[in-house]
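Chemist: Only the shape, not the letters, is given here:
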């Protein structure tokens, strides 16, 4: 699912709350809080409140932890005449009264982000992405080549290698690139 479609995961909880008689309360919690994506939805029924909000979790490439989006639904009661704005000010307080918590995992951050529900599926997708990226840019295949007459002839056509002797030439291949190296002058030329 795209990042813009994540909020649809609130639909079952939202429709259940509306069926119970909760109504949107646009006068409470209209600000933005640190760590909370965008704004919150507050539903009210008497002195009961339901708050719907999302938080982004930033993973670590070193620890192989993906970025996530956490969807929270909290339900609590406040005193008569009080406002949710002053009673439960921070999302950490709302989390003490959680009704639902849904996590989606980032697979790709390109073009607005792409997310999945399953952590294993996200891990597999990241591993495939890494292997493709690694094969394209940072190949780890490194192969030493024995200098034969053909490689020596190719090297002697390169700038700085016109008079090189066989024993001073070192040739290796990395990915699709041939690297010719002069052991004496340490000059290197790559041919792709």
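Modeler: Nice, thanks for sending it over. Quick caveat: nothing in here was measured; it's all calculated off a predicted structure. Numbering: from 1, shown residues only.
Chemist: Can you give me the neighbour number for residue 28?
Modeler: A count of nearby residues for residue 28, using other Cβ atoms under 10 Å, gives 19. Quick note: C-beta positions are derived from backbone N, CA and C, even for glycine.
Chemist: From here on, call the first residue 94.
Modeler: Renumbered: residue one is now 94, and that last one reads residue 121.
Chemist: which one is residue 197 nearest to, not counting chain neighbours?
Modeler: With sequence-adjacent residues excluded and distances taken as Cβ to Cβ, 6 or more residues apart in numbering, residue 197 is closest to residue 208, at 4.3 Å.
Chemist: how much space between residue 115 and residue 149?
Modeler: 26 Å (Cβ to Cβ, to the nearest Å).
Chemist: list the contacts for residue 262?
Modeler: For residue 262, the contacting residues are 240, 244, 245, 248, 254, 273, 274, 275, 276, taking Cβ atoms under 8 Å, 6 or more residues apart in numbering as the criterion.
Chemist: residues contacting the fifth one?
Modeler: Same thing as residue 254. Listed by Cβ under 8 Å, 6+ apart, the contact set of residue 254 reads 248, 262, 273, 275, 280, 282.
Chemist: Give me the pLDDT value at the last one.
Modeler: According to the prediction, residue 282 has pLDDT 90.
Chemist: Hmm, it is touching residue 249, no?
Modeler: No - with contact defined as Cβ atoms under 8 Å, residue 282 does not count as touching residue 249 (11.6 Å).
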